[in-house]
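Peer 1: Got a predicted structure here, sequence first:
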Amino acid sequence: MQTLQKTKKEKRQKLVVQVGIISFCIFLATLVFTLFSDYQITRNAYLSSKNEMIDRDLNTLRTTMTGIRILPWALRYWRENPEETVRAYTEEDQKIDESTEFQDLYSACLLGEKDPAKEDPALQRLIASRVFTAFGLDLKNKRGMDYARIFLLGILDEEESIRYLDNTTYSTQTGGNSLIYYPTSEHSAVKKILRDGITDFDKTIYELYHDPTSGKEYYIGYIPVCLSEGERCFLCICYDWSDFYNQLLSNARNSMIAGLIVLILLNGLLTLFIYRKTILPVLKMKSGVEDYMADKDSRAVSEKMDQIRVQNEIGVLADSFSDLATEIDRYTKEILTLNTEKARIRTELSLATNIQSSMLPSDFPAFPDRTDFDIHASMNPAKEVGGDFYDFFLIDDDHLCLVIADVSGKGVPAALFMMSSMITLRNLAEQGTSPAAILESANKAICASNKQEMFVTVWLGILELSTGKLTAANAGHEYPVFCGESGRFELFKDRHGFVVGGMEGIRYKEYEVLLTPGSKLFVYTDGVPEATNAEGEMYGTDRMVDALNNAMGSADSTPKVILAAVRASVDEFVKDAEQFDDLTMLCLSYHGQRGSR
């Protein structure tokens, strides 16, 4: 007893812990989602502001540079004569550079009044070097813009570019800056420029680049300053991405700490609320259940349940249990009556099964005096009574009528409809009309009084025993299977008509098949191919035909043996799975005149 009480107490404690864990997980998931969303929003907002700032600064720098008329010539000269551009001045170069004549020439070139390309090569070098030095010094002074690097990029080909005026490596000792190799193929923005063949654009192109040398991430913006005369030169600004990343981590860390504090407080409040509004009322209900189990006093239980006054589903459950305890007393008194009623129903169902079985031909051999054919049939209902049926009878001495049918639905309603349909078909067939006419008349008669809107699929054939001519019609039933001179069963895909009882005024088509001595006919309901195993796989017509042909391999391949072989194959496939549909089969072996006396 002590062990049992300890186990119950542990279960109560586990419930509190489980509620706390679940609520904590929910809050934690909400916190993680909020932090992730906050990170994305902050990141996107920061990138947007950085893009605006970079666009502004790049356009400012570009405006300064593109105001120089000789910029295209200078860029081309720098690319073609890189060493001359960055070579330090000699004393003679310094004298020329400081002379009034050169100052005037340089000013005229800047204003576009003179073409530097027409000057002496020595003067061209000094002009290009002076432009280079001036731009480099200008970029050097832009360090206050708080960028990791500002430089001028000249694209040579798909693999190589040169970085001209770099504000981080500018040297006054060489008169400017050195030309640095720039791996074009490693930069997505440059590859986009080359791939798309960009020749003119106003917007800045951005990329996130990992520098393998320093191990840092850089956010780089590219904007053209010259795209004429075959030159492709871009002004670039690099922003150190690690600064932004560190800021995001700092914000996320602060948000996480604040969120955890709020999470713990909310989780404690929620757990306390759930404990008072759910767990305590449930414990009171448990006590009431134990009292009822001990003394079966429904009135005392109702009084305890009334003390649970929480305004939620637990309160509703307590009221329901109070009502349940009261009803159990009444149900206990009724259960004997119900058991008696169930016994009566079982007796009546057993009687219905016997009545249904007696209506089907069940004495075999059915026609012991006939040697021109042999026939056998079986029906195994899924419930006590079924909706499938078969029938065979001699219309006259030379005509045998064969019927197999499947009524919609299961149980007693299907069985009653089955018996009515069977009687209707037999009466019409005995009048000596054709299969199509029989189905049309049966459809008309059933539709006239079919208030339950049930229907039946029917295959009906009339065999002329003297000739072997089989005339048949199909009202939405399964395909028949024939075995002819080849000695093997094959599915015969006949033309289907509409089901009997489904719609008034339906016309049916009939067809003829000539049976030769030794031929066999096998008809069945859908319970055979649709038999299902525990894995949900259906038996299917292919396995059915294989089972038929395997049965033909035995020395005694009578209709009875063939049906037994098919049933054994179905049982082996289905194994212990529940039978969901009636299993009905009929097999005819035609011997012809050679078999008659």
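Peer 2: Perfect, I can see it now.
Peer 1: Can you pull out the low-pLDDT segments for the stretch 351-500 of the chain?
Peer 2: Applying pLDDT under 70 to the stretch 351-500 of the chain flags residues 351-358, 383-386.
Peer 1: Okay, and the beta partners of Glu160?
Peer 2: Pro183 (DSSP bridges).
Peer 1: Hmm, it is touching Thr184, no?
Peer 2: Yes - the pair Glu160 / Thr184 is scored as a contact, 5.9 Å apart, by CB atoms under 8 Å. C-betas here are computed from N, CA, C, even on glycine.
Peer 1: distance of Tyr164 from Val86?
Peer 2: Using CB to CB, to the nearest Å, Tyr164 is found at 9 Å from Val86.
Peer 1: Next: Met53.
Peer 2: According to CB to CB, Met53 and Val86 sit 31 Å apart.
Peer 1: Have a look at the two and say which one is more surrounded.
Peer 2: The neighbour comparison of Met53 against Val86 (other CB atoms under 10 Å) goes to Val86, with 20 against 16.
Peer 1: pretty sure the more buried one contacts Ala128?
Peer 2: No - in this structure Val86 lies outside contact range of Ala128 using CB under 8 Å: 10.1 Å.
Peer 1: Please identify which helix or strand holds Tyr206.
Peer 2: Tyr206 belongs to strand 205-210 when assigned by DSSP states H and E.
Peer 1: So in that sheet, which strands flank that strand, and in what orientation?
Peer 2: strand 217-226 (antiparallel).
Peer 1: Now do the strand it pairs with, average pLDDT.
Peer 2: When pLDDT is averaged along strand 217-226, the result is 83.
Peer 1: Stretch 76-83 now?
Peer 2: Mean predicted lDDT for stretch 76-83 stands at 77.
Peer 1: go on, stretch 511-527?
Peer 2: The model assigns stretch 511-527 a mean pLDDT of 94.
Peer 1: so who does Tyr239 touch?
Peer 2: The contact partners of Tyr239, by CB atoms under 8 Å, 6 or more residues apart in numbering, come to Lys50, Ile54, Tyr147, Ala148, Tyr218, Tyr219, Ile220, Gly221.
Peer 1: still on that earlier bit, work out the gap between the strand holding Tyr206 and the centre of the chain.
Peer 2: What separates the centre of strand 205-210 from the centre of its chain is 37 Å, taken as CA atoms, centre = their mean, to the nearest Å.
Peer 1: Next, the buried residues of it.
Peer 2: Neighbour counts using 16 or more other CB atoms under 10 Å place Ile205, Tyr206, Tyr209 of strand 205-210 among the buried residues.
Peer 1: For the first one, name its beta-bridge partners.
Peer 2: This means Ile205. Those that pair with Ile205 in a beta bridge, by DSSP bridges, are Tyr222.
Peer 1: which residues does it contact?
Peer 2: Ile205 makes contact with Ala189, Lys192, Ile193, Gly221, Tyr222, Ile223 under the criterion CB under 8 Å, 6+ apart.
Peer 1: Look at it and report its pLDDT.
Peer 2: Note on Ile205: pLDDT of 84.
Peer 1: which secondary structure elements does the host helix or strand of Gly268 contact?
Peer 2: Assessed by DSSP H and E, Gly268 sits inside helix 241-274. Counting contacts by 3 or more CB pairs under 8 Å, 6 or more residues apart in numbering; DSSP states H and E, helix 241-274 is packed against helix 2-66, strand 217-226.
Peer 1: Comparing the ones you listed, which yields the minimum mean pLDDT?
Peer 2: When mean pLDDT is averaged over each of the helices and strands packed on helix 241-274, helix 2-66 scores lowest at a mean of 70.
Peer 1: What's the first helix or strand after that helix?
Peer 2: By DSSP H and E, the next helix or strand past helix 2-66 is helix 71-80.
Peer 1: Show the contacting residues for the closest residue to Leu153 other than its chain neighbours.
Peer 2: By the measure of CB to CB, 6 or more residues apart in numbering, the closest residue to Leu153 outside its immediate chain neighbours is Phe234, 4.7 Å from it. Contacts of Phe234 were listed using CB under 8 Å, 6+ apart, and they are Leu152, Leu153, Gly154, Ile155, Ile193, Tyr222, Ile223, Pro224, Val225.
Peer 1: quick check, Phe234 in a strand?
Peer 2: Yes - under DSSP: H, G, I helix; E, B strand; the rest coil, Phe234 falls within a strand.
Peer 1: OK, contacts around the most centrally placed residue in the chain?
Peer 2: The centre of the chain sits closest to Gly536, judged by CA atoms, centre = their mean, with a distance of 20.5 Å. With contact set as CB under 8 Å, 6+ apart, Gly536 has no partners.
Peer 1: mind checking how far it is from Glu530?
Peer 2: Separation of Gly536 from Glu530 (CB to CB): 12 Å.
Peer 1: Can you show me the helices along the stretch 351-500 of the chain?
Peer 2: Secondary structure of the stretch 351-500 of the chain by DSSP state H, counting those that start in this stretch: the helices cover 411-429, 435-448.
Peer 1: Same list, these, but as JSON lines with mean neighbour count please.
Peer 2: JSON lines is the format used below for the helices of the stretch 351-500 of the chain (neighbours: other CB atoms under 10 Å):
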{"stretch": "helix 411-429", "mean neighbour count": "19"}
{"stretch": "helix 435-448", "mean neighbour count": "21"}
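Peer 1: Could I get the full set of strands for the stretch 451-597 of the chain?
Peer 2: 456-464, 469-475, 481-483, 489-491, 496-497, 510-514, 520-524, 583-590 (DSSP state E, counting those that start in this stretch).
Peer 1: Please tabulate those strands in a markdown table and include distance to Ile70 and mean neighbour count as additional columns.
Peer 2: Converted to a markdown table, the strands of the stretch 451-597 of the chain look like this (distance: least, CB to CB, whole Å; neighbours: other CB atoms under 10 Å):
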| stretch | distance to Ile70 | mean neighbour count |
| --- | --- | --- |
| strand 456-464 | 96 | 25 |
| strand 469-475 | 96 | 22 |
| strand 481-483 | 97 | 21 |
| strand 489-491 | 92 | 17 |
| strand 496-497 | 91 | 20 |
| strand 510-514 | 98 | 15 |
| strand 520-524 | 98 | 25 |
| strand 583-590 | 99 | 24 |
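Peer 1: out of those strands, which comes closest to Val407?
Peer 2: Comparing the strands of the stretch 451-597 of the chain by their distance to Val407 (CB to CB), the top pick is strand 456-464, with 4.7 Å.
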